[in-house]
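[1] one predicted model, sequence on top.
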Protein chains: 2
Amino acid sequence: MRYDDLYAKPGHLIRRCQQIAVSIFTDECRDLDLTPIQYAVLLALKLHPDIDQATLAALAALDRSTLGDVVRRLQRRRLIDRRPGEHDRRSKVLRATPAALRLLDRAEATVRRAQERILDPLAPAERRTFVRLLSKLVDINNALSRAPMTVRAPSDKVRRPRRKGAR
Amino acid sequence: MRYDDLYAKPGHLIRRCQQIAVSIFTDECRDLDLTPIQYAVLLALKLHPDIDQATLAALAALDRSTLGDVVRRLQRRRLIDRRPGEHDRRSKVLRATPAALRLLDRAEATVRRAQERILDPLAPAERRTFVRLLSKLVDINNALSRAPMTVRAPSDKVRRPRRKGAR
DNA sequence: TCCATAAAGTGAGTATACTCATTGATTGTC
DNA sequence: GACAATCAATGAGTATACTCACTTTATGGA
């Protein structure tokens, strides 16, 4: 395969696809004032009440720092209830508030419509193929790589000195 | 199709895919100290020297604000040369420095390896299918929506005719 | 019990990635 | 040539999205 052109590179196509997906989601959910991440976090909390932030981060595929920010914003909007863990005093146990559950109910049809709009350019058979390949890609890469989901320690502990401007 | 589960939703899968792609790219390019975006911007500038920021933003599929930040960081590292436009004094004309061009040469094999690693979980035939569907999804959605990518040929096109009732 | 290790949350730092508003320059039209 | 619409860049504001370092707490083995 050729990756001469920027537009033929899988990485670029994936980024644009994500851009478009977020744009469509945001457009559909404008009235709900929910971002894709906030929706994912609240949905995960609805399905798994009373888990700590590290567990939720793994469920939603976010690192702990990012989730910390998301949780803070949702807590400020009274969509998340947050209390110290009883068994483990390091942890904070989270729960979606009744308002959040109502919001999720209201969001259901909207979110489904957004998901359908994302795949709209593809024919029905293509949609199934696309989602299947996407799932395969994500699952296997997730198992192999050190994506945030797996929290695997890098094999090479030797770290280069960070240059200025480095990420 | 069912989107009951978070993990079955296209939006979530696309986000995870992007996460993984960035992670692989960053891993491969760590010696080069280049992010995917920085690479895309520099490559676009190599192929289209002396364009202004708005044109570059369209080429790289970024909004102008985001590109402004990226350009500032690249300019600080002396990878971009930035001068006021001669014909249009509102604009700033950009060019990849010789150091940037050398960096792009060094990056070539590494970036290709990263792109291949992203698709590695798929069989060869699946890779072609995936990239084809991804391209279709991105192209059609881009044409329909008002995604940041407004394709316009910047190289030879002098000026777009201004449509009166457009937008 | 002591202690090395690890895990949970957090803060700092950096880099996307958008919206909206503003300022200054340009252009088509009258 | 004046003017309205538009456009280029930029800043403020918000939300991801990571790494690294640090503190506090937990845990397992000597």
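    Arrived safely.
[2] is DNA strand D within reach of the worst-scoring helix or strand of chain A on mean pLDDT?
    Ranking every helix and strand in chain A by mean pLDDT, DSSP states H and E puts helix A:124-144 at the bottom, with a mean of 93. No. Residues of helix A:124-144 are not located near DNA strand D by C-beta under 7 Å from any atom of the strand, the shortest gap being 11.1 Å. Yep, even glycine has a C-beta here, placed from its N, CA and C like the rest.
[3] what comes up buried for that helix?
    A:126-127, A:129-131, A:133-135, A:137-138, A:141-142 (16 or more other C-beta atoms under 10 Å in any protein chain shown).
[4] what helix or strand is residue A:121 located in?
    In the assignment (DSSP states H and E), residue A:121 maps to no helix and no strand.
[5] around it, how many other residues sit close by?
    Neighbour count of residue A:121, defined by other C-beta atoms under 10 Å in any protein chain shown: 19.
[6] contacting residues for it?
    Residues near residue A:121 by C-beta atoms under 8 Å, 6 or more residues apart in numbering or on different chains: B:136-137, B:139-141, B:144.
[7] kindly recompute the last result at 6 Å.
    By C-beta atoms under 6 Å, 6 or more residues apart in numbering or on different chains, the residues touching residue A:121 are B:136-137, B:140-141.
[8] out of the residues you listed, which is nearest to chain A?
    residue B:140 (3.5 Å; C-beta to the nearest C-beta).
[9] ok, for the closest one, nearest residue in space, not its chain neighbours?
    residue A:121 (3.5 Å; C-beta to C-beta, 6 or more residues apart in numbering or on different chains).
[10] pLDDT below threshold where in chain A?
    A:145-167 (pLDDT under 70).
[11] what ranges does chain A have for its strands?
    A:51-52, A:80-84, A:92-96 (DSSP state E).
[12] sheet-wise, list the partners of the last one with their directions.
    Looking back up the chat, that one is strand A:92-96. Strand pairing for strand A:92-96, determined by DSSP bridges: strand A:51-52 (antiparallel), strand A:80-84 (antiparallel).
[13] gap between it and the chain center?
    In terms of C-alpha atoms, centre = their mean, to the nearest Å, the centre of strand A:92-96 is set 18 Å apart from its chain centre.
[14] what does that strand contact?
    The contact list for strand A:92-96 (C-beta under 6 Å, 6+ apart) reads A:42, A:45-46, A:49-50, A:52-53, A:80-83, A:85.
[15] do it and DNA strand D meet?
    No. Using C-beta under 7 Å from any atom of the strand, strand A:92-96 stays clear of DNA strand D, coming no nearer than 11.5 Å.
[16] export that strand as CSV, just CAs?
    Taking Å, rounded to 0.1, in the frame of the first residue of the first chain, the C-alpha atoms of strand A:92-96 are listed here in CSV:
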residue,chain,number,x,y,z
LYS,A,92,-13.2,7.9,45.3
VAL,A,93,-16.4,6.0,44.6
LEU,A,94,-18.6,7.5,41.8
ARG,A,95,-22.2,7.2,40.9
ALA,A,96,-24.4,8.8,38.3
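[17] does DNA strand C sit close to it?
    Yes. Strand A:92-96 is in contact with DNA strand C by C-beta under 7 Å from any atom of the strand, via residue A:92.
[18] thinking again about what came up before, dump the strands paired with strand A:92-96 to TSV, plus mean neighbour count.
    Listed next are the strands paired with strand A:92-96 as TSV, based on neighbours: other C-beta atoms under 10 Å in any protein chain shown:
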stretch	mean neighbour count
strand A:51-52	17
strand A:80-84	15
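[19] among those strands, which is nearest residue A:58?
    Comparison of the strands paired with strand A:92-96 against residue A:58 by C-beta to C-beta identifies strand A:51-52 as nearest, at 9.4 Å.
[20] the closest one: how far from the chain's middle?
    Per C-alpha atoms, centre = their mean, the centroid offset for strand A:51-52 relative to its chain is 17 Å.
[21] contacting residues around that strand?
    Here strand A:51-52 makes contact (C-beta under 6 Å, 6+ apart) with A:85, A:91, A:93.
[22] looking at those, which is nearest DNA strand C?
    Of all these, residue A:91 has the smallest distance to DNA strand C: 3.4 Å, by C-beta to the nearest atom of the strand.
[23] backbone phi and psi for the closest one, please?
    When read as degrees, to the nearest 10, the backbone of residue A:91 gives phi -90, psi 160.
[24] any idea how far residue B:111 is from it?
    Counting by C-beta to C-beta, to the nearest Å, the gap from residue A:91 to residue B:111 is 40 Å.
[25] between those two, point out the one with more neighbours.
    residue B:111 (23 against 16).
[26] what about the closest residue to the more buried one other than its chain neighbours, neighbour count?
    Counting by C-beta to C-beta, 6+ apart, residue B:111 lies nearest to residue B:39, which is 6.3 Å off, once chain neighbours are set aside. Other residues near residue B:39 come to 24 when the count uses other C-beta under 10 Å.
[27] thank you kindly, that will do.
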